[in-house]
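Undergrad: just coords:
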């Protein structure tokens, strides 16, 4: 009989768990190593949005849709809270409405999206700022999970369903294929996958110095639950989100819209601010975010950035009076070239999966399947 192949995954964030799942489905015996007692990085410091609308049509949109299918399947089977609420991008200026109109027209064949009248948008959410509303882009694809809970719940599900073994609080500091090392301990496997996210310098530092990879710092907030159990309905976005996500590049007038924003919102764009809000099962609101890029960031949030986010939130919602109960910063790796992910083999038997930017929740399950199924080429230096 053929002995079952073994695989080691380093990192228990969303990329690591997606990779572990894909390996288990291929018949591997899988062990996951996480340096902390639980995942505490970018995978829990986000909106909890599975966000296909942000991806350009074609490969990435299909990957996002596949990831959403997997998320929903896991959530339903494991009893994890999820809310397929969809999203609304709100327009208060003619150029925003024009960009939405163009987006809907360009994507009608692939996406189930629509341009809504103000009345139709208000039917979907009581939390929209009515004043000056011209219309909205509606997409039913988007789904929310409570990332702080869901990431750990997915790990428990994978352990139970696929017998994936998790080694928590076990920092892997060295790889010498086929072995990985943590202090005096070592483990061996047929395949090793490095999914260590922002901590990309620890393993193969010489390799990473040659890569077009940097780090993004973001700031986010959480507001208290709305009174009387009020729900905002879909996740809500302002126009700045349209110039942030590549999915909107199909709108021909987007460059003109961006030019107007560069004049009106120069400071917001300087700090990479675009504003969205989602709601968890407790009624709390997750609000953000900003984007600063560089290899080293200070660990402190900037009050004026949070205030700019809140101010812009008030232009398209009626939530500005909500009490802010938490502020935090997050960090994630991002490619500085046109690549949408990094899939690299630094030595035989070892594959690095990294560089998905702020799209980890949206793309990781689909990306991992493609990598493990051999649908994505593994590069070498």
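TA: Yes, it's here. All figures in this text were calculated on a predicted structure; none of them were measured in a lab.
Undergrad: which residues touch the lowest-mean-pLDDT helix or strand in the chain?
TA: Scoring the helices and strands of the chain by mean pLDDT, DSSP states H and E places helix 205-209 at the bottom, with a mean of 92. Helix 205-209 is contacted from outside by 200, 201, 344, 346, 352, 381, using Cβ atoms under 8 Å, 6 or more residues apart in numbering. C-beta coordinates here come from the backbone N, C-alpha and C atoms, glycine included.
Undergrad: can you pick the most crowded of the residues you listed?
TA: Using other Cβ atoms under 10 Å as the neighbour criterion, residue 352 leads these with 24 neighbours.
Undergrad: Distance check, it against residue 344.
TA: Computed with Cβ to Cβ, to the nearest Å, the distance linking residue 352 and residue 344 is 5 Å.
Undergrad: Same question for residue 259.
TA: 37 Å.
Undergrad: ok, now residue 29?
TA: Applying Cβ to Cβ to residue 29 and residue 344 gives a distance of 24 Å.
Undergrad: Please apply the same query to residue 287.
TA: Residue 287 is 35 Å from residue 344, where distance means Cβ to Cβ.
Undergrad: same thing with residue 357?
TA: 16 Å.
Undergrad: what does residue 374 give?
TA: 15 Å.
Undergrad: what residue ranges in the stretch 1-150 of the chain score low on pLDDT?
TA: Within the stretch 1-150 of the chain, the ranges that satisfy pLDDT under 70 run 1-2.
Undergrad: Strands of the stretch 1-150 of the chain, residue ranges please.
TA: For the stretch 1-150 of the chain, the strands defined by DSSP state E, counting those that start in this stretch cover 6-10, 29-33, 49-50, 82-83, 87-91, 114-116, 135-139, 143-145.
Undergrad: right, and the ones you listed - which one's nearest residue 274?
TA: Smallest distance to residue 274 across the strands of the stretch 1-150 of the chain (Cβ to Cβ): 10.5 Å, for strand 87-91.
Undergrad: Name the surrounding residues that touch the closest one.
TA: 51, 53, 97, 99-100, 116, 121, 124-125, 128-129, 133-139, 141-142, 233-239, 241-242, 316.
Undergrad: Isn't residue 98 up against residue 253?
TA: Yes: shown here, residue 98 and residue 253 form a contact pair, counting by Cβ atoms under 8 Å, at 5.1 Å.
Undergrad: When these two are compared, which one has more neighbours?
TA: residue 98 (18 against 15).
Undergrad: Would you mind finding the longest helix in this structure?
TA: For the chain, the helix with the greatest residue count under DSSP state H is helix 59-78.
Undergrad: What are the buried residues along it?
TA: Across helix 59-78, burial judged by 16 or more other Cβ atoms under 10 Å covers 60-61, 63-68, 70-72, 74-75.
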